[in-house]
Each structure stands twice: as C-alpha cells, then as structure tokens.
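>>> got a predicted structure plus its sequence, pasted below:
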Amino acid sequence: MKERDMNRRQFLRQLGLGSASAFSLMAMNPLQAFGARRESSPFGPVPEAPLMTYRKQNGTGENISLLGFGMMRLPREQEQVNELVDYAIAHGVNYFDTAPMYGGGRNEGVTGAALSRHPRDKYYVATKMSNQNQALWDFDKAKEMYENSFRQLRVDYIDYYLLHSIGGGGINNLKGRFIDNGLLDFLLKEREAKRIRHLGFSYHGDVAAFDWLLDHNDEYHWDFVQIQMNYLDWRHAGRGRRRSDADAEYLYNRLEKLGIQVVVMEPIRGGALANVNDEIKAQLQAVRPDDSPATWGFRWVGSHPNILTTLSGMNRMEHLEENVRTFSPLQPCTDAENELLARIADQMAGFPTIGCTTCAYCMPCPYGVDIPGNFAFYNKAVTEKLLPLPNPSDANYGERQDAFIKAYREAIPAEKRATTCTDCGQCLAKCPQQIRIPNQMSRIVELTRKRRK
Ligand code: SF4
Ligand code: SF4
C-alpha cells in the first residue's frame, strides 16, 4: 500500500498497539507485543529427545547449548517459570543467564528456585556483577552483591560470571567499578578458588572499555565475552545515533582472534528483527516460506563458529518451542542467505529508528515517562512507514499526522508520554545502548505536536 493511500483506520490497524500502554506490552516480550508468529506447530512436532546443537567450551570442553535462556523477562508466577525451565532442560537447553538487577531484584531468586529442582550437572548458570550504580562501587557492597548471588541461585559455584554492562561511562567508569577498588582482583581469586568457573564481561557502549579489557587479556584471561550481535548490528550498530558505537563485526572478530568465545545477547535486537515490515518479510519468505523472521535472526547468529551460546528471552512456551526447533539442530545460513540478510540490514539501516531494545534498564523514570513504550511505538511507526514526516509533496500529510497522534494517544497514557520528560537526564547513564533519551523524547514530542491551522 502506498503511504499516501493510508487512512486513519488502516493506520491504527497496522500500528496495532490499541489502548494498552506500549511499555506494559514490551515489558512482557517484544515478540509477543507486536504479534510475531506463534502458530502452535508450524514445523511439526518438537523433538522428543534433545537434538539441540551444542558448542564446546574452549577450556573445559563442556557442551553448551547454542540456544541459551535469557531469564531477564520472566513470567510473574514461579510455576510458569518452572514449566519453562523444565521444558528447556528436557529439550537440551543448559545455559541460563540472569543478573541481580533483573526483575526488580527478583530474577536470580526465581531462576535459582526453578533450576535447583534439577541436578546441578544439568545446567550452567550465568550471573553478573551489576554494580552500575556508583553507590555499589564500594568493594564491600559489591562483594555483598556477589555473595548474595550464591544464596539466590542456591549454588556453591557459579558457572559463568560477568562484569555487567561494561562500556557505559567509558574507561573511567570501568576503573571505578572494578579496578581501583580491587574488585576484579577479588573475582580473579574467586576463579582460582573455582567458585567462579568462567569469568567474562558483557559489553555495551564505549568501545574503549572493551578494548582496554582485551588489551589486558594476558593479565585477566577472559574465558568468554558477551556482546550484542545480530545481522543489523553486524555493520550498522547504532547507525550514528548513539554516543559511541562499535559494529558487532569488529567485536566478534577481535574476540575470535584472541580465542575468546562469544555469548550473544539481543540476537533479534529486542524484537526488531522479529517484527520486520511486510516488504522484508516477503523477501525472507520467498527463500524459506515456513521460517519466521525471528528464526532467520537466530540462524544467522548461530552460524558463526565462535559463538558459545545465543541468549533468547523467552517468557512464553510458544517462543521457547519455536526457538528449540530452530536450534534442534541449527541449520546454518548459506552464503546466499547471508547475502540476503546483509542486503536487508542495509535497507533497515536506512530507517530512522531509535536503537532501543526495550530492556527497561532506564526505568522507572522519576517523572513517569514510559521510555521503552514511547520508543517501541515510534519504531513500529518507522518500520511500517507510518511516520508523518513533513513532505511538501505529500497531499495527505495532515491526515497522516492526525492518525499518528490519535494512535499515539491511544497507546500511551497521558502521564507516560514523551511530553512529560523534563530533560533531567537521570536515565542517560542507565541505557546500555547509549541512547540520548531526552533528545529522542523531543523528537516524538515534535511529531505529536498539533499543526497550526
Ligand atoms: S530525561 Fe526524561 S525520560 Fe529520562 S529520566 Fe528524565 S524525565 Fe525521564
Ligand atoms: S532506552 Fe535504553 S535502557 Fe531504556 S529500554 Fe531502551 S535500550 Fe533499554
């Protein structure tokens, strides 16, 4: 459909956010929020015996499932979490990733309760030092967080331990959190004592911090590193809209040269690669009619040999089932498929989306702005080509803007809209994607400002 032919009804239907807060939708799961495919059995039955693809951990030789379970967005009920974890383990998933800061501090405990119902040798658990808040740079407070992880997870050793979200605030921040206070020396000793079996870090943001840690690899001997990697971020990370960017291609290749295995986060970029527009969907379906866009994203990541595991946040059974099918076993992308995805990434890089993965690290906003909800709405409008960008040759611009404003008001309650942003800047340091949040809020405000008659 041509943009100029779009009327309000069609716009609202396509935007499809209804009257619920977009954040409440996105907080559950990006796939679920925008209606990614979830037919019950599009690929036939889930295999009875695990056919999962595994990768060998370089040092210990242990087999890690190429599909890892990102626990950040879990259902509220423990029973539902248990059911997901049981299914995952029964189908060969053995890597579970959590952090003290997830789920308002509940996530490690919920994860520990679910996992501890299984024999300890059936799973590998990853957790992190989430001391991003400066009040936790103090050694004793950080150590308390570390010790609490053992209690919450009900374990006496942690399989994979990460310095959480390195890069925000650059090298100074890194040194304040881990080096100057002696925390990294302590964690290295914990690895020697085998209470930490593998030590690594997760990276977002300023590439100088990533490079600094790898420049010191002779000293630290990183066992693994977690990076954001997907076919869009491979060569288009941030696309100039973040404060500092490094393409996943650079990160992956640097790690591969050093022989450090990679754990991947955001393989479908917070759901953006699962919710591609109809044009892109048609290009993918022409090649593999039965595969969802999400499956393409996972296959692309899993095709890289230096990946240890690919984290997916799965809070609904149908997502877990679909992902288990994708990885049981993984069918690597062919050269032609890789070329197609590179072309699609180039197309998507032209979209003026905001690089929000809806992780909600920035929440709550002290003034009530639903930050990921606003960005999710905006991105959906961009992807579906529904943004009312002023265009003198567009005779229907006024109608399109009215439709955009109406849909926005239906999706985001007044007290959560971009207009309530005061530019206080408190969210800035919390965003792992380095998004200039208040600036982007202004952009949304501008789009929703009523035209003068
Ligand atoms: S800058 Fe805006 S969005 Fe960010 S915390 Fe302040 S009011 Fe909230
Ligand atoms: S703005 Fe940043 S911190 Fe907030 S949800 Fe988006 S990516 Fe996460």
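Noted; the coordinates are in hand. Owing to the predicted nature of the structure, the values given are computational and were not obtained by experimental measurement. Numbering: from 1, shown residues only. Ligands and ions are numbered 1, 2, ... in the order given.

>>> now check stretch 222-239, is it near ligand 2?
No - with C-beta under 6 Å from any ligand atom as the criterion, ligand 2 is not reached by stretch 222-239; the gap is at least 10.3 Å. Bear in mind the C-beta positions are built from the backbone N, C-alpha and C, glycine included.

>>> pull out the buried positions in that stretch.
Judged by neighbour count using 16 or more other C-beta atoms under 10 Å, the buried positions of stretch 222-239 are 222-234, 236-239.

>>> just stretch 329-338 next, same as before
330, 333, 337-338.

>>> inside strands: which ones of the residues you listed?
Here DSSP state E is the test, and the buried residues of stretch 329-338 give no hits in strands at all.

>>> now the two most distant members of these.
For the buried residues of stretch 329-338, the maximum inter-member distance is 14.2 Å, found between Leu330 and Asn338 (C-beta to C-beta).

>>> where along the stretch 201-350 of the chain do the strands fall?
Ranges of strands within the stretch 201-350 of the chain are 224-228, 261-265, 307-313, based on DSSP state E, counting those that start in this stretch.

>>> same question, the stretch 51-200 of the chain
So, for the stretch 51-200 of the chain - with DSSP E, counting those that start in this stretch - the strands run 54-56, 63-65, 67-70, 95-97, 124-129, 158-166, 196-203.

>>> the last one pairs with which strands, and in what direction?
Strand pairing for strand 196-203, determined by DSSP bridges: strand 158-166 (parallel), strand 224-228 (parallel).

>>> now the fourth one
The partner list of strand 95-97 in its sheet, established with DSSP bridges, is strand 67-70 (parallel), strand 124-129 (parallel).

>>> looking at those, which is buried most?
Stretch with highest mean neighbour count among the strands paired with strand 95-97: strand 67-70 (a mean of 28; mean count of other C-beta atoms under 10 Å).

>>> shaky segments in this protein?
Along the chain, the model assigns pLDDT under 70 to residues 1-49, 238-245, 390-394, 450-453.

>>> ligand 1 versus the spatially most central residue of it, what's the distance?
Nearest to the mean C-alpha position of the chain, by C-alpha atoms, centre = their mean, lies Glu266 at 3.4 Å. Per C-beta to the nearest ligand atom, to the nearest Å, Glu266 is found 21 Å from ligand 1.

>>> for the chain, what lies in contact range of ligand 2?
Within reach of ligand 2 by C-beta under 6 Å from any ligand atom, the chain has these residues: 356-362, 371-372, 375, 430-431, 433, 435, 437.

>>> buried only: go through the residues you listed for me.
Among these, the ones that count as buried (16+ other C-beta under 10 Å) are 356-362, 371-372, 375, 430-431, 433, 435, 437.

>>> need the residues of this protein near ligand 1, please.
So far as C-beta under 6 Å from any ligand atom goes, the chain lies against ligand 1 at 365-367, 369, 371, 421-427, 437-438, 441.

>>> restricted to helices, list those residues.
Using DSSP state H, the subset of the residues of the chain next to ligand 1 located in helices is 371, 437-438, 441.
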